[in-house]
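*Asks:* okay, here's the prediction I keep looking at, along with the sequence it came from:
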Number of protein chains: 2
Amino acid sequence: MFTVESGLLRSYSIDNKGKEHIYMFAPENWIITDNCEGDIPCDLYIDAIEDSTITVTEKDFTKLSSDRKSLVKRINVLQKRVIMLMSSPALERYQHFVETYPDIIQRVPQRMIASYLGITPEALSRLRKEISKNK
Amino acid sequence: MFTVESGLLRSYSIDNKGKEHIYMFAPENWIITDNCEGDIPCDLYIDAIEDSTITVTEKDFTKLSSDRKSLVKRINVLQKRVIMLMSSPALERYQHFVETYPDIIQRVPQRMIASYLGITPEALSRLRKEISKNK
DNA sequence: ATTGTGCATTGATGTAGGTCAAGAAGTGAT
DNA sequence: ATCACTTCTTGACCTACATCAATGCACAAT
């Protein structure tokens, strides 16, 4: 966990085509971290854009209070979502959603899944058609 | 703040064309809230997709410990970012970024702004050209 | 059985933004 | 001054997804 005293850091992911996607800028007084707690593989890189002075803190996920833990988890979920919205096409976002929330799929109409993925119901219908064709 | 005992809730925003964008599904044991703390205007609606049993909790932002407060703020920023990625075109996302982080613009190359916005440097260059034309 | 209502699908067409390739302009190193 | 390197810009073309409009389909109400 890095606290920026002066300067400017960034965190970013790299997609499967090698393209960088900046997740966050961290100027003075910001805290930036890769959030790779527990199960989820860490997918952020961090580096300095300007010469910077940094304070490094060890964080221990296991020592967090339970409600702080759930906030951190929520942040991780949002982080994944932001990165996918920036770097993955709708098909991959859908597949990731199906894997992550298999139960939700059964319970909500497709147009709501589309709405969550950031696409139209029509587009989702065509994606699903593609997927079923390739099996 | 709603804790879902049973059933399924969703939170969603409505963009300026009247289109809904689902921000989150909340099945059993999830907590869902509109997060409209302090300054930021609340832009989430919440409703039930299935018949649900809910526990309502009052949350008091002022009573949070300071590091919990900063986690909540971070979540709010991410929430805004997710919603904008789903519902706003690149031009609006850029303008919002400029307004929100005017200092960052001065300090990082444009291709990194583009990377943060989820577009290519070429696209950003064209957006900026458009903007300067219309003034 | 029939009518309505909401959801999913399909087709035709439009568009925002991506990709690729080529300059142009600034900056530092020799 | 020149070369190398990077950033930004511009043009031509391409693609993923949106939009609009029509159709089919399930299910509930009468």
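*Replies:* Sure thing, it's come through. Residues are numbered from 1 along each chain as shown, chains lettered A, B, ... in the order given.

*Asks:* look up phi and psi at residue A:48.
*Replies:* The phi/psi pair for residue A:48 (degrees, to the nearest 10) reads phi -100, psi 130.

*Asks:* for the residue in chain A that DNA strand D sits nearest to, helix, strand, or coil?
*Replies:* Across chain A, the shortest distance to DNA strand D (Cβ to the nearest atom of the strand) belongs to residue A:123, at 2.9 Å. (Each C-beta comes from the backbone N, C-alpha and C, glycine too.) With DSSP: H, G, I helix; E, B strand; the rest coil as the basis, residue A:123 sits in helix.

*Asks:* show me the strands in chain A, by range?
*Replies:* A:2-6, A:9-14, A:20-26, A:31-32, A:45-48, A:53-56 (DSSP state E).

*Asks:* I would like the residues contacting stretch A:12-31, please.
*Replies:* Identification of contacts with stretch A:12-31 by Cβ atoms under 8 Å, 6 or more residues apart in numbering or on different chains yields A:1-11, A:32, A:43-46, A:49, A:79, A:82-83, A:86-88, B:70, B:101, B:103-104, B:107-108, B:112, B:115-116, B:118.

*Asks:* give me the buried entries from those.
*Replies:* Buried subset of these (neighbour count, 16 or more other Cβ atoms under 10 Å in any protein chain shown): A:2-4, A:7-11, A:32, A:43-44, A:46, A:49, A:79, A:82-83, A:86-88, B:101, B:104, B:108, B:112, B:115-116, B:118.

*Asks:* returning to that earlier point: can you list the strands of chain A in TSV and add distance to DNA strand D and mean pLDDT?
*Replies:* TSV is the format used below for these (distance: least, Cβ to the nearest atom of the strand, whole Å; pLDDT from 0 to 100):
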stretch	distance to DNA strand D	mean pLDDT
strand A:2-6	20	94
strand A:9-14	12	95
strand A:20-26	11	96
strand A:31-32	20	94
strand A:45-48	13	93
strand A:53-56	21	94
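
*Asks:* a markdown table for these, including distance to residue B:27?
*Replies:* Shown next, in a markdown table, are the strands of chain A (distance: least, Cβ to Cβ, whole Å):
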| stretch | distance to residue B:27 |
| --- | --- |
| strand A:2-6 | 35 |
| strand A:9-14 | 28 |
| strand A:20-26 | 27 |
| strand A:31-32 | 31 |
| strand A:45-48 | 33 |
| strand A:53-56 | 38 |
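
*Asks:* wait, which of those strands is closest to DNA strand C?
*Replies:* strand A:20-26 (10.2 Å).

*Asks:* relative to strand A:2-6, how tilted is the closest one?
*Replies:* 70 degrees (axes from the mean of the first three to the mean of the last three Cα atoms, to 10 degrees).

*Asks:* nearest the geometric middle of chain A, what residue?
*Replies:* Centroid check for chain A by Cα atoms, centre = their mean gives residue A:80 as the closest residue, at 1.4 Å.

*Asks:* separation between that residue and residue B:114?
*Replies:* According to Cβ to Cβ, to the nearest Å, residue A:80 stands 21 Å off from residue B:114.

*Asks:* count of neighbours near residue A:110?
*Replies:* 12 (other Cβ atoms under 10 Å in any protein chain shown).

*Asks:* try the one 4 residues further on
*Replies:* Each residue near residue A:114 was counted by other Cβ under 10 Å, and the total is 20.

*Asks:* so who does the nearest residue to it once chain neighbours are set aside touch?
*Replies:* What sits nearest to residue A:114 in space, not counting adjacent residues and going by Cβ to Cβ, 6 or more residues apart in numbering or on different chains, is residue A:124, at 4.0 Å. By Cβ under 8 Å, 6+ apart, the contact list for residue A:124 reads A:90, A:94, A:110-111, A:113-114, A:117.

*Asks:* greatest separation within the residues you listed: which pair is it?
*Replies:* Using Cβ to Cβ, these span at most 14.1 Å, a distance reached by A:90 and A:111.

*Asks:* now stretch A:6-25: buried residues?
*Replies:* A:7-13, A:21-25.

*Asks:* so where's chain A shaky on pLDDT?
*Replies:* Low-confidence segments of chain A, defined by pLDDT under 70, span residues A:37-42.
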